[in-house]
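Colleague: Okay, sequence plus prediction incoming.
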Amino acid sequence: MNLPFQPAQGLEQPLDSRMLDVLIRAGLILAMAMLCYQVFSPFLTLMVWALILAVTIYPLHQSLAGRMGGKQGLAATLLVIVGVMLIVVPTAMLMSSLGDSVHQLVNDVQNNSLKIPAPHPRVEEWPVVGKKIHEFWSRAHADLPALVQSMQPKIGELAKTALGSVACIAGGLLQFIASFIIAGIIMAFGKSGSRAGLAVFERVVGGARGSEFAKLSTATIRAVAQGVIGVAFIQAIIVGLALLIAGVPWAGALALIVLVFGIAQLPALIVTLPAIVYIWSSGDYGNAAAIAYTVVLFLSGMADNVLKPLMLGRGVDAPMPVILLGALGGMASAGILGMFVGATLLALGYQVFMGWVAANPDGGQAQEERDPQSPS
């Protein structure tokens with residue numbers, strides 16, 4: 001006589017109990033992770049920037065610490081002080097120039113003393129937008145106060161946007177300085193932090209691959225920081241100081257444009273060439289001074305062509321176009337911070353994909369079929 005199967009009560013009850021126990025633990029872990037993120041989120045951008053700066057400058061810190069008898073804290077403090085001075089002093093000069101230019105422009109508009117030169121007749125021959133630009137330029141030259149009055153609402157909105165941008169730049173500068181200080185603390189304890197980061201990678205992707213991915217992530221962050229952000233910032237400072245020395249108006253604003261263009265991988269000559277044209281057309285410079293300023297501005301505008309191939313992609317086990325595409329894509333989706341995340345993720349993805357291709361089990365057989373004469 002066949003009896004229906006009856007599950008043992010002793011097995012069913014412990015199984016349900018263990019499943020409920022696992023779900024409760026997972027829910028508690030998820031809740032704790034969400035609460036930790038909520039507490040840490042206000043400092044997330046600051047800490048990510050600090051980590052990026054620490055990873056980028058750490059080789060220099062180790063070299064300096066070696067010359068100081070292994071004093072990690074003293075070397076980190078010295079780097080932070082020098083770095084803050086190198087960042088704050090030129091940036092403050094350019095920001096002061098930008099503020100003076102904006103203040104002078106506002107005064108000229110309010111006092112009706114701003115003069116706009118007449119447009120060149122060839123402007124009207126420009127394709128698509130030539131006639132509109134020539135008409136607007138002519139109105140500004142003939143009666144600027146009336147034009148300003150007719151555009152009063154738009155000018156007010158533009159002024160608010162400009163003030164907001166200046167405030168954002170100042171806030172970003174303060175955040176960058178704070179990140180630099182935190183980066184110094186991280187570098188002072190760099191060896192233990194490096195071991196902890198390596199342990200995380202090994203726990204996630206395994207021992208051998210973890211070490212490889214940790215080195216790739218570090219090299220990618222340094223390549224993007226040096227080859228994109230670093231080159232753009234250095235070039236903006238050089239061009240801005242050259243414009244200040246040459247007495248070109250709006251030197252601070254032009255330096256900011258150079259920085260944005262450098263991050264977006266656009267040539268700085270877009271800014272320096274019009275400045276050179278201004279130097280020669282204004283009539284305020286002698287021939288010797290004009291030639292000297294022309295050479296300085298032209299060379300400063302071409303600096304990225306020399307620095308970028310040397311600094312971008314150095315020490316990275318991934319092609320330079322992969323790093324550059326990741327940086328640009330990350331910037332388009334998440335701003336400047338996304339450059340580092342995008343470049344690192346694309347480099348890691350490239351390595352994972354190439355590792356999967358190299359591990360093809362049919363690769364050896366396909367090679368033998370293509371080259372049957374090769375020795376086995």
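Modeller: Looks like it came in fine.
Colleague: Tell me the spacing between I133 and A50.
Modeller: 46 Å (C-beta to C-beta, to the nearest Å). All C-beta atoms are positioned from the backbone trio N, CA, C, and that covers glycine.
Colleague: Show me which of those two is the more surrounded one.
Modeller: A50 (22 against 14; other C-beta atoms under 10 Å).
Colleague: what helix or strand does the more buried one sit in?
Modeller: Assigned by DSSP states H and E, A50 belongs to helix 44-67.
Colleague: Give me the residues contacting that helix.
Modeller: Residues from elsewhere that reach helix 44-67, judged by C-beta atoms under 8 Å, 6 or more residues apart in numbering: 40, 71-72, 74-76, 78-79, 83, 175-176, 178-180, 182-184, 186-187, 190, 193, 218, 221-222, 225-226, 337, 340.
Colleague: change it to 6 Å
Modeller: The contact list for helix 44-67, computed with C-beta atoms under 6 Å, 6 or more residues apart in numbering, reads 72, 75, 79, 179-180, 182-183, 186-187, 190, 218, 221-222, 225, 340.
Colleague: now that helix, how far from the centre of its chain.
Modeller: 16 Å (C-alpha atoms, centre = their mean, to the nearest Å).
Colleague: now that helix: mean pLDDT?
Modeller: Taken as a whole, helix 44-67 carries a mean pLDDT of 85.
Colleague: Can you list the buried residues in that helix?
Modeller: When burial is assessed from 16 or more other C-beta atoms under 10 Å, helix 44-67 yields the following buried residues: 49-58, 61, 64-65.
Colleague: first vs last residue of stretch 56-76, how far apart are they?
Modeller: Start and end residues of stretch 56-76 are separated by 13 Å (C-alpha to C-alpha, to the nearest Å).
Colleague: returning to that earlier point: got the buried residues of helix 44-67 as a markdown table, with distance to A292 columns?
Modeller: Formatted as a markdown table, the buried residues of helix 44-67 follow (distance: C-beta to C-beta, whole Å):
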| residue | distance to A292 |
| --- | --- |
| W49 | 38 |
| A50 | 41 |
| L51 | 43 |
| I52 | 38 |
| L53 | 36 |
| A54 | 40 |
| V55 | 40 |
| T56 | 35 |
| I57 | 35 |
| Y58 | 40 |
| H61 | 38 |
| L64 | 36 |
| A65 | 42 |
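Colleague: Can you tell me which of these lies closest to E212?
Modeller: Nearest to E212 among the buried residues of helix 44-67, counting by C-beta to C-beta, is V55 at 16.5 Å.
Colleague: separation between that closest one and L345?
Modeller: Going from V55 to L345 by C-beta to C-beta gives 15 Å.
Colleague: repeat for P59
Modeller: Remark: distance between P59 and L345 (C-beta to C-beta) = 23 Å.
Colleague: For A251, grab the count of nearby residues.
Modeller: 24.
Colleague: Check the one 10 residues further on too.
Modeller: Close neighbours of F261, defined as other C-beta under 10 Å, add up to 19.
Colleague: Need the pLDDT of it.
Modeller: In this model, F261 is scored at 78, pLDDT.
Colleague: which SSE is it in?
Modeller: Per DSSP H and E: helix 251-263 holds F261.
Colleague: Show me what counts as buried in that helix.
Modeller: Neighbour-count burial for helix 251-263 flags 251-259, 261-263 (criterion: 16+ other C-beta under 10 Å).
Colleague: Go through these and say which is closest to M331.
Modeller: Distance to M331 across the buried residues of helix 251-263 (C-beta to C-beta) is lowest for I263, with 6.7 Å.
Colleague: give me the low-pLDDT residue ranges for the stretch 251-376 of the chain?
Modeller: 264-265, 308-318, 320, 334-337, 359-376 (pLDDT under 70).
Colleague: quick one, strands of it?
Modeller: Counting by DSSP state E, counting those that start in this stretch, the stretch 251-376 of the chain has no strands at all.
Colleague: Now do the contacts for M339.
Modeller: Contact analysis of M339 by C-beta under 6 Å, 6+ apart lists 224, 327, 330-331.
Colleague: Tabulate the residues you listed (a markdown table), appending distance to V205.
Modeller: Below are the contacts of M339 laid out as a markdown table (distance: C-beta to C-beta, whole Å):
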| residue | distance to V205 |
| --- | --- |
| V224 | 21 |
| A327 | 23 |
| G330 | 21 |
| M331 | 26 |
